[in-house]
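> sequence unknown, structure follows:
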């Protein structure tokens, strides 16, 4: 009997949201060192997927600066190389991304010719759900095929992957529902602290997709082949 290859959990982060939150929280916030690169790699959601699947977590490192043209392109190429290696090794892949990281993940998948070892692609707070943000990114990165994506993106069948789960918070200005066939959109609820959302509320909304307890059950349940929801 041939042993099954260890699954691979590839993590692609966006702009570190906690770095934006620290100046707003001041002394209440944890030390900045707690939120250096690796915030999604360390997130409970990532750990839960790793426990459920027995997979190896590996982060696609890059600067996280939205206008870093060289770094973003290098991250796309690095992810493509990781996916090609996993394909050759027969490893199933979970691709977990947040915010701008979902753009890197998508570009790598879209350039794969419809063949990919990705079993599940999870995008959290993705700008593919906010066309104005995507248009700004297209202007900031004219060398990447982002402009065409503003009119629609390929779904899981077109990308050659098993599933695409997209999670967003309704009033997050940077992420929203993705209108593409086969994408499973999940909206999370979050109440602002006052009559109007504050900057802190907006950042918390942007981070909720990898902090929400119901999401852990939903996404991790997918690894076992059956979604689990609250009350199960």
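Everything's here; your move. Remember, it's a predicted structure, so these values are computed and weren't measured experimentally.
> Run through who's touching the lengthiest helix in the chain.
In the chain, assigned by DSSP state H, the helix with the most residues is helix 69-89. With contacts defined as C-beta atoms under 8 Å, 6 or more residues apart in numbering, helix 69-89 is touched by 5, 8, 10, 12, 58, 60-63, 65, 92-93, 100, 103-105, 107-109, 111-112, 115-118, 140-141, 143-144. No exception for glycine: its C-beta is placed from N, CA and C like everyone else's.
> now these: which count as buried?
8, 10, 12, 60-62, 92-93, 100, 103-105, 107-109, 112, 116-118, 141, 144 (16 or more other C-beta atoms under 10 Å).
> can you tell me which of the residues you listed are in helices?
Short answer: the buried ones among the contacts of helix 69-89 in helices (DSSP H) are 100, 103-105, 107-109.
> Make CSV from those and add pLDDT and distance to residue 162 to it.
Converted to CSV, those look like this (pLDDT from 0 to 100; distance: C-beta to C-beta, whole Å):
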residue, pLDDT, distance to residue 162
100, 93, 23
103, 94, 20
104, 95, 19
105, 96, 14
107, 93, 19
108, 94, 16
109, 95, 12
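> with those residues in mind, which one is nearest to residue 46?
Closest approach between those and residue 46, by C-beta to C-beta: residue 105, at 14.1 Å.
> list the contacts for the closest residue to residue 182 other than its chain neighbours?
In this structure, residue 182 finds its nearest non-sequential neighbour in residue 155, 3.6 Å apart by C-beta to C-beta, 6 or more residues apart in numbering. With contacts defined as C-beta under 8 Å, 6+ apart, residue 155 is in contact with 164, 180-183.
> ok, and the most crowded of these?
residue 164 (28 neighbours; other C-beta atoms under 10 Å).
> Which strand or helix spans that residue?
Under the criterion of DSSP states H and E, residue 164 resides in strand 163-169.
> So in that sheet, which strands flank that strand, and in what orientation?
strand 118-124 (parallel), strand 183-188 (parallel) (DSSP bridges).
> Outside of the shortest one itself, which residues are in contact with it?
Yep, that's strand 183-188 we're talking about. Residues contacting strand 183-188 (C-beta under 8 Å, 6+ apart): 129, 155-156, 163-170, 177-178, 208-209, 212, 214-215, 218.
> swap the cut-off to 6 Å and go again
155, 164-167, 169-170, 177, 208, 212 (C-beta atoms under 6 Å, 6 or more residues apart in numbering).
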